[in-house]
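*Asks:* Below are the sequence and a predicted model for it; my questions follow.
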Amino acid sequence: MDDWNPEQLSSSAQAAAKAPEPSSIFASSYQYCSRILRQRFIGCIPSLSNLNLPEKITFLEKISTLYKRRIIPSTSRRKRGTCLPLPLPSASLEPFTQTSETSRVYDVLGDIVEHTFFNLHSVQKNLHFWEARAEGSTSNKVYFMVFERGPLAFLDGSAQLLHDYVFHGTGMQQVSSSASVHISERISVLTSLRYSLATFLAQVYVEVEKSREQILKEPGKSMAALLGTINGLFLSLEAAIGHFSATRQIGSSVDGSYSSPLMFETLPDVNQESSQWTDCEIRDAINLIYLNLNKLDVYLSLLVAKHQKPRTMTRHWMRYTVGAVGISLFSVWLVGHSRLAGSPDIDNWIRDAKASVTDFLNHHVEQPLIAIRDELFETFRKRHKGVMELEEVQLTSNSLHRMLLAFSENTKGQKFPENASDQEMLEIVMGRYELELMHPIQNLLGGELARAMLIQIQKLKLDIETAMLELNQILRANEINFAILAALPAFFLSLVVLMLLRAWVKQDTRAQGKGKIARVQRRLLIVEVEKKIVQFQSCIDQGLEKDGQCMYGLILYTLDRLYRAVERHAKATGEWQSLREDINNLAKPNLVTIEKLRVTSRMAHMYDCLLPSMRH
């Protein structure tokens, strides 16, 4: 069989697309230049010739779409991102490792699922934004219409508010009604897109599940049937979402015109009837599926872009404007105090700030650290000095003991032992002192009064030296504490800076993060899976097959997000193999609902990466 080129299958559509009707000379010149540049660039890069994009898509959009969405049909394997795997047995890949064309079937199936997850996520995050705005109060809707859609919308909304208030007295009712229409139109389109994409994802997953056993038994025949079925699913998706370009309401709030109608290529009938395809036929079919997948991505990217949430810069334009004005005024003021204006103010401020910082570091960082260092490395020298001071106190004590011993022996007229207690001898001294005080003048000159007083002075000296020694020991023991107290301001300042830096680094609230918020996000994903499983069973019980397929597709999408979020953390804790098996079991279409709910309950209570944070 001769090779067939997918670009020749829709020649009539391409011919129609090549006849644009410019509305002005400028538009005509732009389209002509864009077409010339595109043709020359495509001639230099052969891989672009297979994209077959509509003429209304500009040259730059085509290049950005190609590299942004990474749709590059190639016969070689390429590494895809981490996503929920298809239900293909690992052994099924082994018989085809020697055949490049058949192995590409698994690549194209993985690419279909990966890009469907990507498109679903793009639709879902924008839908969540509009649903949150729809649940807001009237004042919130008015605030969005006036302040969060850019400066032009601010002028239009303010003018409409003033007009309605002055001439109709309705205040915010008209703006709130416009906001409701604005939001509901986008919710309607995005909800329909999510429904169709989730149904398509569920159908692909179910078809692969049905073919997994047949692939092992009859690979050639199963490949042909699977590729034909996948192509049919693309045509069903075209019928579901291809009408958006023709159903735009009159007076729609969506800016710009809709993209061209979505038209997929189809496999030739002769190939679909064949039970065993050749490698050439498989290669052509795979290229055609890649072409359809690229068309779908381009169509969805343009359609979602017209219904997406406003950019962050647009929503916070007033805040950024005020910030820019403030920075401008500050810059003017700064220039007025700089050398450019002949003013030394900035130099003086810098000098004073440098001196203050140096003084702070000297008193609260350098000197306390030096004191701690000296205390730690000069301990032995200081202890030696303390021993000498203790000997001095001991000398005073020995002198007092000898004085007491001599006084007691003279007073009592008997010999006292050398180890006599100072307290006993001091009692003798005090008793003699009391008697001598009865005749102080006489005893001062000829008695023992003067000697008793000198002994008491020696005792007072000993007490003072002992107290000073103890106080010195206390101060030396607390030198490190005093140095640490002096360094506390710098320590607390460094701690605050580190906490702020840590909070700034770990401000990521995505489910892939490590903090408490990330754990909450991962547990919410399990809750979302449980809710979707219950809704799926409810649709099956009511006989709503299409709604059931949509719910099953949303289950797969939520499981994909959970799969991406927990992989790194589960590998770090050694739980990945078991957790991956549980996630794959939840994705099986034939597993009963009660078993899936048991799996989700076990996941929420057993795996460390899904447990709530223990820190409060």
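*Replies:* Received it, and whenever you're ready, just let me know what you need.

*Asks:* Quick one: mean pLDDT over stretch 526-538.
*Replies:* Along stretch 526-538, the predicted local confidence has a mean pLDDT of 93.

*Asks:* can you pull out the helices in the stretch 501-616 of the chain?
*Replies:* Applying DSSP state H, counting those that start in this stretch to the stretch 501-616 of the chain gives helices spanning 516-541, 545-573, 576-587, 593-606.

*Asks:* And the second one, what's buried?
*Replies:* Of the residues in helix 545-573, 547-567, 569-570 count as buried by neighbour count, 16 or more other Cβ atoms under 10 Å. The C-beta positions use only the backbone N, C-alpha and C, and glycine is treated the same way.

*Asks:* Flag the shaky bits of the stretch 451-600 of the chain, pLDDT-wise.
*Replies:* Low-confidence segments of the stretch 451-600 of the chain, defined by pLDDT under 70, span residues 476-477, 479-480, 482-483, 503-510.

*Asks:* make it 90
*Replies:* Applying pLDDT under 90 to the predicted model, the residue ranges of the stretch 451-600 of the chain that meet it are 451-523, 565-570, 572-573, 589-591.

*Asks:* gap between the nearest residue to residue 518 once chain neighbours are set aside and residue 121?
*Replies:* Counting by Cβ to Cβ, 6 or more residues apart in numbering, the nearest residue to residue 518 once its immediate chain neighbours are dropped is residue 511, at 5.7 Å. For residue 511, the distance to residue 121 under the criterion Cβ to Cβ, to the nearest Å works out to 12 Å.

*Asks:* more neighbours, these two?
*Replies:* residue 511 (20 against 14; other Cβ atoms under 10 Å).

*Asks:* so that one makes contact with residue 567?
*Replies:* No. Between residue 511 and residue 567 there is no contact under Cβ atoms under 8 Å: 11.0 Å.

*Asks:* Export the helices of the stretch 501-616 of the chain to JSON lines and append columns for distance to residue 213.
*Replies:* As requested, the helices of the stretch 501-616 of the chain are arranged in JSON lines below (distance: least, Cβ to Cβ, whole Å):
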{"stretch": "helix 516-541", "distance to residue 213": "23"}
{"stretch": "helix 545-573", "distance to residue 213": "20"}
{"stretch": "helix 576-587", "distance to residue 213": "16"}
{"stretch": "helix 593-606", "distance to residue 213": "21"}
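
*Asks:* For residue 283, find the nearest of those.
*Replies:* The closest approach between residue 283 and any of the helices of the stretch 501-616 of the chain, judged by Cβ to Cβ, belongs to helix 545-573 at 28.5 Å.

*Asks:* Packing partners of the closest one?
*Replies:* Under the contact definition 3 or more Cβ pairs under 8 Å, 6 or more residues apart in numbering; DSSP states H and E, helix 545-573 sits against helix 100-134, helix 173-217, helix 516-541, helix 576-587.

*Asks:* Against which helices or strands is the last one packed?
*Replies:* For helix 576-587, the packing partners by 3+ Cβ pairs under 8 Å, 6+ apart come out as helix 545-573, helix 593-606.

*Asks:* Now do the contacts for the residue nearest to residue 206 when sequence neighbours are not counted.
*Replies:* Distances taken as Cβ to Cβ, 6+ apart put residue 589 closest to residue 206, at 5.4 Å, once the chain neighbours are dropped. By Cβ atoms under 8 Å, 6 or more residues apart in numbering, residue 589 lies in contact with 202, 205-206, 209, 552.

*Asks:* Save these as TSV, and put in distance to residue 435 too.
*Replies:* Shown next, in TSV, are the contacts of residue 589 (distance: Cβ to Cβ, whole Å):
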residue	distance to residue 435
202	117
205	116
206	120
209	118
552	114
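
*Asks:* for the helices and strands packed on helix 545-573, which one sits closest to residue 316?
*Replies:* Between residue 316 and the helices and strands packed on helix 545-573, the shortest gap by Cβ to Cβ is with helix 100-134, which sits at 14.1 Å.

*Asks:* Check which residues of that closest one are buried.
*Replies:* When burial is assessed from 16+ other Cβ under 10 Å, helix 100-134 yields the following buried residues: 101-102, 104-120, 122-124, 126-127, 129-130, 133.

*Asks:* contacting residues around stretch 488-502?
*Replies:* By Cβ under 8 Å, 6+ apart, the residues outside stretch 488-502 that reach it are 360-361, 364-365, 368.
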